[in-house]
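Participant: Give me a model of this one.
(chains A and B)
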Amino acid sequence: DAGVIQSPRHEVTEMGQEVTLRCKPISGHNSLFWYRQTMMRGLELLIYFNNNVPIDDSGMPEDRFSAKMPNASFSTLKIQPSEPRDSAVYFCASSLGGGSSYEQYFGPGTRLTVT
Amino acid sequence: SQQGEEDPQALSIQEGENATMNCSYKTSINNLQWYRQNSGRGLVHLILIRSNEREKHSGRLRVTLDTSKKSSSLLITASRAADTASYFCATAPGSGNEKLTFGTGTRLTIIP
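Facilitator: Purely as a prediction, here's the structure:
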């Protein structure tokens, strides 16, 4: 298996632009997680899905952030409009089961820079 | 707020020595997990230890869990340069149906 696939690996955009991050989880995994990592705040869970349904989105910073999982093999995280403070590395992870009972497999991350 | 807090924040040792990192947490847990992150990469799962377990081994890794003290330790024996990375503990509260909460990590440097 190729593992969790994220695209793009790097994204540089100007403030106010829309940004879409993409994730393909490991086949057969039914939970998907979006995290954000910064030096100041560490690793934060933004949202997680179980069987394509959002279960906990309490970590989504504000209405500018939205996430979708239209099917078991694809998810997007969208920021609109983007701001410089959104600059971070965004990770997608997947696991066999829901919540925190199973190990999570992380993708390589998308490094987002908003100027 | 972060549930797990690692100690120390940074650790440098000579290759071949053992490295010990600690994690403390505040509330009851279903399980505790350790992850490694190499620079510029995603996190890699190392070990999951459940609340009813006290010790677990995987290769050169040994994890202990003391639920009475709400603490865990990760021991890496016979360290190698390739072990240089950040190590995070992550706690799973309650029933295990809730989200993992990651600590701030220990930055481990192995000096060749």
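Participant: list the buried ones in stretch A:6-13?
Facilitator: A:6, A:11, A:13 (16 or more other C-beta atoms under 10 Å in any protein chain shown). C-beta: built from backbone N, CA, C; applies to glycine.
Participant: Now the terminal residues of that stretch, how far apart.
Facilitator: 18 Å (C-alpha to C-alpha, to the nearest Å).
Participant: mind checking the backbone torsions on residue A:85?
Facilitator: phi -70, psi -10 (degrees, to the nearest 10).
Participant: quick one: contacts for the residue nearest in space to the middle of chain A?
Facilitator: Residue closest to the average C-alpha location in chain A (C-alpha atoms, centre = their mean): residue A:34, at 3.0 Å. Neighbour list for residue A:34: A:23, A:45, A:46, A:47, A:48, A:67, A:75, A:77, A:90, A:91, A:92 [criterion: C-beta atoms under 8 Å, 6 or more residues apart in numbering or on different chains].
Participant: What average pLDDT does the host helix or strand of it get?
Facilitator: Assigning secondary structure by DSSP states H and E places residue A:34 in strand A:31-38. Strand A:31-38 shows a mean pLDDT of 96.
Participant: what about chain B, any weak spots by pLDDT?
Facilitator: Chain B contains residues with pLDDT under 70 at B:1-3, B:95-98.
Participant: How about the residues of it by chain A?
Facilitator: Within chain B, the residues that sit near chain A (C-beta under 8 Å from any C-beta of the partner chain) are B:2, B:30-31, B:33, B:35, B:41-45, B:48, B:88, B:90-93, B:95-105.
Participant: Can I have the buried ones of those residues as a ChimeraX selection?
Facilitator: Buried subset of the residues of chain B next to chain A, written as a ChimeraX selection, criterion 16+ other C-beta under 10 Å:
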select /B:2,30,31,33,35,42,43,45,48,88,90,91,92,93,96,97,98,99,100,101,102,103,104,105
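Participant: quick one: which of the residues of chain B next to chain A sit in strands?
Facilitator: Judged by DSSP state E, strands contain the following of those: B:30-31, B:33, B:35, B:43-45, B:48, B:88, B:90-93, B:101-102.
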